[in-house]
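Colleague: requesting a structural model of the entry that follows:
(one chain, ligands or ions: 1)
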Amino acid sequence: MNVAQNIVFNTVDNLLITCYWKYKNEWCFLFYIFVGGIVITFKMNKQILVTGGTGYIGSHTVVELINEGYETIIVDDLSNSSAEVLENIQKITGTMPAFEQFNLTDKVKVEELFVKYPNIEAIIHFAASKAVGESVQKPLLYYQNNLVSLINLLECQIKYGVANIVFSSSCTVYGQPNILPVTELTPRKDAESPYGNTKRVNEDILKDTIAANSKLKGIALRYFNPVGAHPTALIGELPLGVPQNLVPFITQTAAGLRDELKVFGDKYDTPDGSAIRDYINVVDLAKAHVVAIDRLLSGKNKANYEIFNLGTGNGVSVLEIVNSFEKSTGVKLNYKIVDKRVGDIEKIWADTTYANEELGWKSETSLEDTLLSAWKWEKKVRGIK
Ligand SMILES: NC(=O)c1ccc[n+]([C@@H]2O[C@H](COP(=O)([O-])OP(=O)(O)OC[C@H]3O[C@@H](n4cnc5c(N)ncnc54)[C@H](O)[C@@H]3O)[C@@H](O)[C@H]2O)c1
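Modeller: Here you go, the predicted structure:
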């Protein structure tokens, strides 16, 4: 086991050495009598590299990792997040994560990272460009950023002997499935966008690399629609420009930043005609990453490459979300039905049986509480009382 050891020396009267360490919220103690009256304290935490750790899902995951006794090292180029997130993680957890600012497509920097931190036990790879529309305009930027970053990490994992990786994938790999809900065995479809294709290809890169390297183990987590914010409202989703996702669009409209919420399409084959998605609370999602890391580090994985769906199992329509937001916050939303968006699928939600039973993880937070957390975060960011 590679461990970080922090050694603290204190002088005491009773000539005792105390050694203790914390692993997964459990403190372990060892005592030695020592002539000289010094207490030596060992604190040992497993190191997890979190790429994209100042981003939306990454920052929530860093908080949950720290809460569970892991030591985190964040790499982020801050292309879609800010360094303030680090201070807010510290406010929530009392711990400032190690932080390295660089772009993961820079292989030299990635190598330097693995040399600087020789005790990394596992990686959670969030860092990616993620705007679907932008990926259609700039496909090479997306292929370059999303594919090269993962390839660089995997090459260094092999070279420096880091066995474990958890990868952020997406339900976008299922396209519009023929049968709902989708299980992990539902066939993937051709991607609707270059962004979606990077998730599909990255899954394949991971699967093939693990098949060729028996020491590597990986888990691809296919997220459905992550929403909400940390209950402290210290971290949350902060999209640049006009939000692409429904909930930030709702909260920005409620906050007065947008004149009206556009509901894209009401003629879908769904009960109220609007599109259906599976909205998963971001803290619940973050906790699933800790479970995935525990699974890899404790060798509980059933195969060297595994895939899990992360959703709630409930499909909720856009109009249901609008109603739920209005009901839980008491804020009336100005919304308008407009034409459906090109590339949007009609409906998707997860079958969570495999994640619930095999991973041992389940979403817990209600949609109402999740929407309230998103609104609390938006109000905090905009200075609304
Ligand atoms: N948010 C969603 O709806 C959603 C859904 C499914 C999958 N995902 C995936 O989850 C992951 C995290 O998403 P998020 O919503 O937190 O996104 P985010 O943009 O908030 O976080 C990604 C972070 O990665 C950083 N980054 C991007 N490219 C980098 C690079 N080359 N080197 C270093 N840092 C880099 C950005 O600065 C950002 O802080 C992404 O891989 C995304 O594709 C997100």
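Colleague: where does pLDDT dip in this protein?
Modeller: 1-44 (pLDDT under 70).
Colleague: tell me the contacts of whatever residue of the stretch 51-200 of the chain ends up closest to the ligand?
Modeller: When you check the stretch 51-200 of the chain against the ligand by Cβ to the nearest ligand atom, the closest residue turns out to be G55, at 2.0 Å. Any C-beta I mention is one placed from the backbone N, CA and C, and that applies to glycine too. With contact taken as Cβ atoms under 8 Å, 6 or more residues apart in numbering, G55 is in contact with 76, 80-81, 126-127.
Colleague: and I348, by the same measure?
Modeller: Residues touching I348, when contacts are defined by Cβ under 8 Å, 6+ apart, comprise 171, 174, 176-177, 180, 182, 224, 276-278, 315.
Colleague: the residue of the stretch 251-385 of the chain at minimum distance from the ligand: how many residues sit nearby?
Modeller: Nearest to the ligand, among the residues of the stretch 251-385 of the chain, is V282, at 8.4 Å (Cβ to the nearest ligand atom). By the other Cβ atoms under 10 Å criterion, the neighbourhood of V282 contains 26 residues.
Colleague: residues in contact with it?
Modeller: With Cβ under 8 Å, 6+ apart as the criterion, the residues that contact V282 are 56-57, 60, 226-230, 236-237.
Colleague: then N213?
Modeller: Under the criterion of Cβ under 8 Å, 6+ apart, the contact list for N213 reads I158.
Colleague: could I get stretch 145-156 in PDB with only the CA atoms?
Modeller: Once side chains and other backbone atoms are set aside, the C-alpha atoms of stretch 145-156 remain, and they are given as PDB (Å, rounded to 0.1, in the frame of the first residue of the first chain):
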ATOM      1  CA  ASN A 145      -8.600  17.500 -25.800                       C
ATOM      2  CA  ASN A 146     -10.700  14.500 -24.800                       C
ATOM      3  CA  LEU A 147      -8.800  11.700 -26.500                       C
ATOM      4  CA  VAL A 148      -5.200  12.900 -26.100                       C
ATOM      5  CA  SER A 149      -5.800  13.700 -22.300                       C
ATOM      6  CA  LEU A 150      -6.900  10.100 -21.700                       C
ATOM      7  CA  ILE A 151      -4.100   8.600 -23.800                       C
ATOM      8  CA  ASN A 152      -1.500  10.600 -21.900                       C
ATOM      9  CA  LEU A 153      -2.900   9.500 -18.600                       C
ATOM     10  CA  LEU A 154      -3.100   5.800 -19.600                       C
ATOM     11  CA  GLU A 155       0.500   5.900 -21.000                       C
ATOM     12  CA  CYS A 156       1.800   7.300 -17.700                       C
END
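Colleague: what does that stretch contact?
Modeller: With Cβ under 8 Å, 6+ apart as the test, stretch 145-156 has contacts from 51, 103-107, 110-111, 113-114, 123, 125, 127-129, 162, 165, 167, 195, 198-199, 201-202, 205-206, 209, 216.
Colleague: drop anything exposed from those residues.
Modeller: Neighbour-count burial (16 or more other Cβ atoms under 10 Å) applied to those gives 51, 103-105, 110, 113-114, 123, 125, 127-129, 162, 165, 167, 195, 198-199, 201-202, 205-206, 209, 216.
Colleague: could you report the distance from H230 to I73?
Modeller: With distances defined as Cβ to Cβ, to the nearest Å, the gap from H230 to I73 amounts to 20 Å.
Colleague: is stretch 113-125 positioned near the ligand?
Modeller: No - using Cβ under 6 Å from any ligand atom, no contact is recorded between stretch 113-125 and the ligand, whose separation bottoms out at 7.4 Å.
Colleague: who's in contact with the spatially closest residue to I179 that is not a sequence neighbour?
Modeller: Leaving aside its sequence neighbours, I179 sits nearest to T186 (Cβ to Cβ, 6 or more residues apart in numbering; 7.0 Å). T186 makes contact with 174, 177, 179 under the criterion Cβ under 8 Å, 6+ apart.
Colleague: correct me if wrong, but T186 is in a strand.
Modeller: No - secondary structure assignment (DSSP: H, G, I helix; E, B strand; the rest coil) places T186 in coil, not in a strand.
Colleague: and the strand or helix carrying L153, which residues are buried?
Modeller: Secondary-structure assignment from DSSP states H and E places L153 in helix 148-160. Of the residues in helix 148-160, 148-154, 156-157 count as buried by neighbour count, 16+ other Cβ under 10 Å.
Colleague: between the residues you listed, which is nearest K362?
Modeller: For K362, the closest of the buried residues of helix 148-160 turns out to be L150, at 28.3 Å, with distances computed as Cβ to Cβ.
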